[in-house]
Each structure stands twice: as C-alpha cells, then as structure tokens.
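Enquirer: generate coordinates for the sequence data below:
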Amino acid sequence: MVGYLLVTHGEIGSSLADCVYHIFNKKISRLDCISINPTDDIDKKKIAISQKIKKNNSGDGVIIFTDIIGATPCNILKDFIIKNKVEVLTGVNAAMLIKALSSKNKDLNNIIQDCIEAAEENILQIAPDD
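Expert: Numbering: from 1, shown residues only. Okay, here's the model as predicted:
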C-alpha cells in the first residue's frame, strides 16, 4: 500500500489528518505529519522527513502532501522526490487526502491523478441556493 506524509506550515497537516481520522472514524497508520515552523532546524526536519518516508514505504511508494508551492516545506521536499517512488503534491486539502486514503489496490501514479482530480472537483464557489 502507498504511504502518506503531510509536510506543512505549522499544524495545517495535523489538522487535516485529524479531519480525515474523524471522517474515517479511525487513525490511519500509513499517514504521518511533520510541521515546519520558522524557528525549526531545517537539517533536523530533513532527517525526520527521511525517517517518515522510510517508515511509511511498504514498497509501493510514498506521496508527500504539502500546502504551498514554492514555500519552505515544498522546497525542502524537492530533495526527496524519487520518480515513481516518492512524489510530492502541493495544495493539499481534505478532498485529496480522503481520495488518497480511499484508494485501494491502486498504484502511486493512479492515486496521484485521483488526488489532483479530487482537488480540482472540490474547489467551487457555492451559491446561496446550492
């Protein structure tokens, strides 16, 4: 099974994980979070990221979600990308995580495409009569 890691500013990732745990009514063992804060030692965070990737990789790969492209968490993650083994998606939202964690028997690249589609389909302006 594909593993998942949230690497975000502050507690954004932990909050999203809590939301997903609530929806699934259980903690997901293959989902971990790492917070990046302004005073953090980035080298220590890189070590933690590496450890979490190893922990969550059962052989099918790991998808790392981050919040904002070009920001510190995203920039750190570029060093961890291994094509078709460790991939990074930006713009993380609950719809993407729910889709990823609901994907059974799919490979890394299919899950990535499903996550992108879920993100795009769930960004809408709601009208008063919706």
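Enquirer: pLDDT weak spots in the chain?
Expert: Across the chain, nothing is flagged by pLDDT under 70.
Enquirer: residue 13 and residue 19, how far apart?
Expert: From residue 13 across to residue 19, the span is 11 Å (CB to CB, to the nearest Å). (Each C-beta comes from the backbone N, C-alpha and C, glycine too.)
Enquirer: who's more crowded, those two?
Expert: The neighbour count for residue 13 versus residue 19, taken as other CB atoms under 10 Å, is higher for residue 13 (25 against 14).
Enquirer: so how far is residue 7 from that one?
Expert: From residue 13 to residue 7 the distance is 7 Å (CB to CB).
Enquirer: find residues that contact each of those two.
Expert: Shared contacts of residue 13 and residue 7, defined by CB atoms under 8 Å, 6 or more residues apart in numbering, comprise 33-34, 65.
Enquirer: out of those residues, list just those in strands.
Expert: Among the shared contacts of residue 13 and residue 7, the ones falling in strands (DSSP state E) are 33-34, 65.
Enquirer: need those in TSV with distance to residue 23 and neighbour count, can you?
Expert: TSV is the format used below for these (distance: CB to CB, whole Å; neighbours: other CB atoms under 10 Å):
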residue	distance to residue 23	neighbour count
33	16	19
34	21	21
65	16	28
